[in-house]
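Undergrad: what's the 3D shape of this:
(chains A and B)
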Amino acid sequence: MGKTVSTSVQKQAAEDMCKHISTISGVSAEVSERKSGTSPRSVVSVDCPPESWRELAESLRGDHGVDYCSMITGTHWPEGGSDKNWEVIYHFLRMAVGDPPVVDGMVEPIITDPTKVTGKSVPLEIEVRIAIPETREPVVSSIQDLWVGADWNEKETWDLVGIDFEGHIGMRRVLQPHETPVGFHPLQKQHKLRYHDFQEMYDDAQGFLRKPSDAGKIK
Amino acid sequence: MAEMWISMGPQHPMTHGLWTLKVKVDGETVVDTEPDLGYIHRGVEKICESRDFTQITTYCDRLCYASANTWSHSYIYAVEDLLEVEVPERAEYIRLIAVELQRIASHLMWLGAYGPDIGNLSIMVWCLREREMMMDLLQELGGSRMHYNFPRVGGVKRDLPHGFAQRTRAKVSLFLSRIQEYEALFDESTIFLIRTQGVGYSKAEEMVNHGVTGPNLRAGGVNYDVRTAHPYSVYSELDWEPPVERPSVKGADCYDRYRIRVEEMRISAMMVLESLDKIPGGADTYHEPGDPAIIAKAPSRAKEGTSGFHHFEDSRGESMFYLAGGGEGRGKQPYRVSIRSPMFITIPYASKCMIGYKVADIPAIMGSFDPCIGETDR
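TA: Next up is the predicted model:
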């Protein structure tokens, strides 16, 4: 049998974390029982208002040892109602990884036995959802300074979905061309994919004029 | 000497795809770097929003040509989380075999491409020879050579074909004996050692903070693996442990990242052999496509307001799909698909890694992280 983290230990750790972070104002956390393929797993599933997000993030990083930011993504919900027009979703993993110790000038690799992990070294999945009410300029606080891995995730979310991150240093286009018009974020729902009348697609259907950059200059 | 910016790319033999690395140099020394991505951004996430759940697998295959199966499986686990499907155990074993064979093929592709990057041309031919064996096996499963479209929501497309187990055992055993040839070719090549040892140091804790996982992290002396920390599929049934490398005091260098991938290929090969022995129903039985032993019935519509995601150990790190289901009258299609690509996060880190080294070290350091631009740009 392989050495893997037992589901009961993971569930217990998830419940402990939920109990602690639920004390932050406005935050509601629960353990969601999920199942992919044949394996059951426990996920800490958190709903957080935008104003408490910074406090929650610092608590996750500092008190709970959540050291890895996996993914930041955003969703545009035009029909989602006025209180949930946008949603930012964060996925974290608690890896509990440290630098391996040096013994007699040699690095001793950390071989964690997954069947024996306890306390804050139990690997956990955390999902945080932040609903943003109807607005033209959705903004949440940046967590770039807490997890460096969040840096490019935030850039991508702004680039594609148009959700801005307050306090993010060096925001720029990462996947779209640099000369993309300001305010064009393709994953917003007003931009539709078109398959028919494709001639029309080139007549400014995307909301900005498509012209070659040298139009009018070359004869 | 005056500092200046040099643009490496978008076309460069070292890159497997298009991207630019802007390098600020002071003489020969790299002072600052800035990666510029997005040259082959195809908008997969937007395209997937207007496709049925079953149609998206094809797009996921095409995220990375070297590792197609791991990406489509990564998606399938997320969609099974969304639709709450329970998969037959036999199907999980077949998936595991497919994914681990793909992992070997992907690492071989990396090794084959890394050799020429740093001046060892013969290794490429050797690696592609063994990769061809793995691709033959995968072709028997999926029916095509590179983009298999093998997993289905609830199971797999086809059962193991007749004689597959026998051929796999023969080829994988042969491959295991040939790993020693690579080690002889690499570890005793002075050029290789000079160019990889002592360059591109990276520390474990820093890597986790930057979002780097997978073989690159395990090279830093930590045995973290999504397959053991968040067990999915039937990895808990097999007798295996993730490989770990003993890095130097300064951190893992390019040589450690090469060693860890060779070890991983070995472990994956052992896993394939073991799962052929343990597969329920035996490896020689064949079920017709659609048989309940290999595919479970799955709903085609997601419930309103549900979401599904799954962390998956890709051959380059932790990959993940996030799927938001439903929306008014459109339950068959996802409302939002988001892809977590390990390389999108690793490339900025790898670019930081090369600060302080010479310009000639850039291909060695960058190549050792196994960049794949198809999944990075999506």
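Undergrad: which one is whichever residue of chain A sits closest to chain B nearest to, not counting chain neighbours?
TA: Going by CB to the nearest CB, chain B is nearest to residue A:149 of chain A, at 2.6 Å. Every residue, glycine included, has its C-beta placed from N, CA and C. Distance criterion CB to CB, 6 or more residues apart in numbering or on different chains; nearest residue to residue A:149, sequence neighbours excluded, is residue B:211 at 2.6 Å.
Undergrad: try residue B:67
TA: The shortest distance from residue B:67 to any residue other than its chain neighbours is 4.0 Å, reached at residue B:106 (CB to CB, 6+ apart).
Undergrad: How about the contacts made by the one you found?
TA: The contact partners of residue B:106, taken as CB atoms under 8 Å, 6 or more residues apart in numbering or on different chains, are B:64, B:66-67, B:70, B:315-316.
Undergrad: Mind checking which of the residues you listed are in helices?
TA: The helices, defined by DSSP state H, take in residue B:70 from these.
Undergrad: Residue A:176: which of the contacts of residue B:106 is nearest?
TA: Residue A:176 has its nearest neighbour among the contacts of residue B:106 in residue B:64, at 20.8 Å by CB to CB.
Undergrad: Hmm, residue B:372 and that closest one touching each other?
TA: Yes: in this structure residue B:64 lies within contact range of residue B:372 using CB atoms under 8 Å: 4.9 Å.
Undergrad: Name the secondary structure element that contains the spatially most central residue of chain A.
TA: By CA atoms, centre = their mean, chain A has its centre lying nearest to residue A:72, at 1.7 Å. Mapping residue A:72 onto the secondary structure by DSSP states H and E places it in strand A:68-76.
Undergrad: Given that strand, what are its sheet partners and their directions?
TA: Strand A:68-76 has the following strand partners under DSSP bridges: strand A:86-94 (antiparallel).
Undergrad: SS state for residue 135?
TA: Let's take chain A. Here residue A:135 is coil, with the state taken from DSSP: H, G, I helix; E, B strand; the rest coil.
Undergrad: can you pull out the strands in chain A?
TA: For chain A, applying DSSP state E gives strands covering A:28-36, A:39-47, A:68-76, A:86-94, A:102-103, A:106-107, A:124-132, A:139-141, A:164-166.
Undergrad: and what of chain B?
TA: Per DSSP E, chain B carries strands over the ranges B:3-8, B:20-26, B:29-36, B:151-152, B:155-156, B:307-314, B:317-324, B:336-340.
Undergrad: Settle it for me: which of residue B:64 and residue B:372 has more neighbours?
TA: Higher neighbour count among residue B:64 and residue B:372: residue B:372, with 29 against 26, using other CB atoms under 10 Å in any protein chain shown.
Undergrad: Provide a list of residues in contact with that one.
TA: Contacts of residue B:372 by CB under 8 Å, 6+ apart are B:16-17, B:64, B:66-67, B:316, B:343.
Undergrad: Can you read off the pLDDT for it?
TA: pLDDT, residue B:372: 85.
Undergrad: Now do it against chain A, distance only.
TA: As judged by CB to the nearest CB, to the nearest Å, residue B:372 and chain A stand 15 Å apart.
Undergrad: ok, is stretch A:41-60 in contact with chain B or not?
TA: Yes: shown here: stretch A:41-60 in contact with chain B (CB under 8 Å from any CB of the partner chain) through residue A:41.
Undergrad: Dump that stretch to CSV, restricted to CA.
TA: Output of stretch A:41-60 as CSV, limited to C-alpha atoms (Å, rounded to 0.1, in the frame of the first residue of the first chain):
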residue,chain,number,x,y,z
ARG,A,41,-11.6,14.6,-0.1
SER,A,42,-12.3,17.4,2.3
VAL,A,43,-12.0,21.0,1.1
VAL,A,44,-12.1,24.1,3.3
SER,A,45,-14.6,26.2,1.4
VAL,A,46,-14.8,29.8,2.5
ASP,A,47,-17.1,32.7,1.5
CYS,A,48,-15.6,36.0,2.3
PRO,A,49,-16.8,39.6,1.8
PRO,A,50,-14.2,41.8,0.0
GLU,A,51,-13.6,44.0,3.1
SER,A,52,-12.5,41.0,5.3
TRP,A,53,-10.3,39.5,2.6
ARG,A,54,-7.0,41.0,3.6
GLU,A,55,-7.5,39.9,7.3
LEU,A,56,-8.4,36.4,6.2
ALA,A,57,-5.4,36.1,3.9
GLU,A,58,-3.0,37.2,6.6
SER,A,59,-4.6,34.7,9.0
LEU,A,60,-4.3,31.9,6.5
